[in-house]
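Chemist: what follows is a predicted protein model with its sequence.
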Amino acid sequence: QLSKAMAKVTEEHGGTIHLGNGVRKFKLDGKKVVGLELDSGEDFYADEVIVNADFANAMQHMLDDNVLKKYSKQKLEKKKYSCSTFMIYVGLDKLYDMPHHTILFAEDYQKNVNEMTKDLVLSDEPSIYIHNASVTDNSLAPEGHSAVYILAPVPNNYSEIDWDEKQDTFKQLIFDELEKKTGFSDIRDHIVTEKVLTPKQWQTDHFVHKGATFSLGHQLSQMMYFRPHNRFQELDHCWLVGGGTHPGSGLPTILESARITTGWIREKEAKTS
């Protein structure tokens, strides 16, 4: 609904939204971004370009190797990246009397975190987040049904996990945990439709660098001011929004990045008009 509302406001203010045509490269005039080359082969020119793609993926695939210095491919590979997430989206023929949000922490949480971020292996007891949105909004599913998504933080694709091999086993482990520890005690019996996203799919299908769903890690050296700036330092007329820029990842923070960027552009236009 948030995306639809933003699209509606854009169109009400004269904006046009082009769907189904990816961006292949930035078009440059020296260090100035002047537009985009689309997957269709069409060139699209613009006064300002705002990038909401995954930052590391965009910088590595949409620019030639010699363009960037601070965020070159080699330097991006040396950055720290967040964990990934194993996602299960299910449509159920049952509405569970469970809260909108449920979090299961691994009993040995430190071990779980170390396995995810240092050892880069799957945990036997993962931490799990369950989003039971239909208990709040009954428009998400037919009457008596519900839409639920389940998230387990897992290592990003710097690990050597074979997700084609591990996907089903890990999914069943998550369902085991839910059925043992929460009110979703028979969830597998009520699945009507299901979609799974692994770190591999985050990278190949959704263009998230190394499947790191929260983008650059949030170590002190990569937080707030030390993230790529909204007014991108290395290219003129190029702006950044999203989890890879200032101030950080998470939906409210990502929206704040858009507000900051919008303010910068409006201020720039006011000075030049």
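Modeler: That came through, no problem.

Chemist: tell me where the chain has strands.
Modeler: Remark: strands assigned in the chain by DSSP state E are 23-29, 32-38, 43-45, 49-51, 84-92, 101-104, 128-131, 146-154, 191-197, 238-240.

Chemist: can you count the residues close to the nearest residue to Ile130 once chain neighbours are set aside?
Modeler: The shortest distance from Ile130 to any non-neighbouring residue, by C-beta to C-beta, 6 or more residues apart in numbering, is to Thr102 (4.2 Å). In short, each C-beta sits where N, CA and C put it, glycine included. If you count neighbours by other C-beta atoms under 10 Å, Thr102 ends up with 19.

Chemist: ok, Thr102 to Gly14 distance?
Modeler: According to C-beta to C-beta, to the nearest Å, Thr102 and Gly14 sit 43 Å apart.

Chemist: one more: Leu122?
Modeler: 49 Å.

Chemist: tell me which of the two has more neighbours.
Modeler: Neighbour count, other C-beta under 10 Å: between Leu122 and Gly14, Leu122 has more, with 19 against 6.

Chemist: need phi/psi at the more buried one.
Modeler: phi -80, psi 140 (degrees, to the nearest 10).

Chemist: thought it was touching Pro155?
Modeler: Yes: the criterion here is C-beta atoms under 8 Å, and Leu122 meets it with Pro155 at 7.4 Å.

Chemist: list the residues that contact both of those two?
Modeler: 115, 161 (C-beta atoms under 8 Å, 6 or more residues apart in numbering).

Chemist: now for the strands of the chain, which one comes closest to Val113?
Modeler: Relative to Val113, the nearest member of those by C-beta to C-beta is strand 146-154, separated by 8.6 Å.

Chemist: in the closest one, what counts as buried?
Modeler: Buried residues in strand 146-154, counted by 16 or more other C-beta atoms under 10 Å: 146-148, 150-154.

Chemist: out of these, which comes closest to Leu95?
Modeler: Ser146 (4.5 Å).

Chemist: that older thread, closest one to Met59 among the strands of the chain?
Modeler: Nearest to Met59 among those is strand 49-51 (8.9 Å), distances taken as C-beta to C-beta.

Chemist: next, the contact list for the residue nearest to Ile130, please.
Modeler: Contacts of Thr102 (C-beta under 8 Å, 6+ apart): 129-130, 132, 182.

Chemist: kindly report the same for Leu140.
Modeler: Taking C-beta under 8 Å, 6+ apart as the test, what Leu140 contacts is 133-134, 146-147.

Chemist: then Gly211?
Modeler: So Gly211 contacts 84, 156-157, 198-203 (C-beta under 8 Å, 6+ apart).

Chemist: that'll do, ta.
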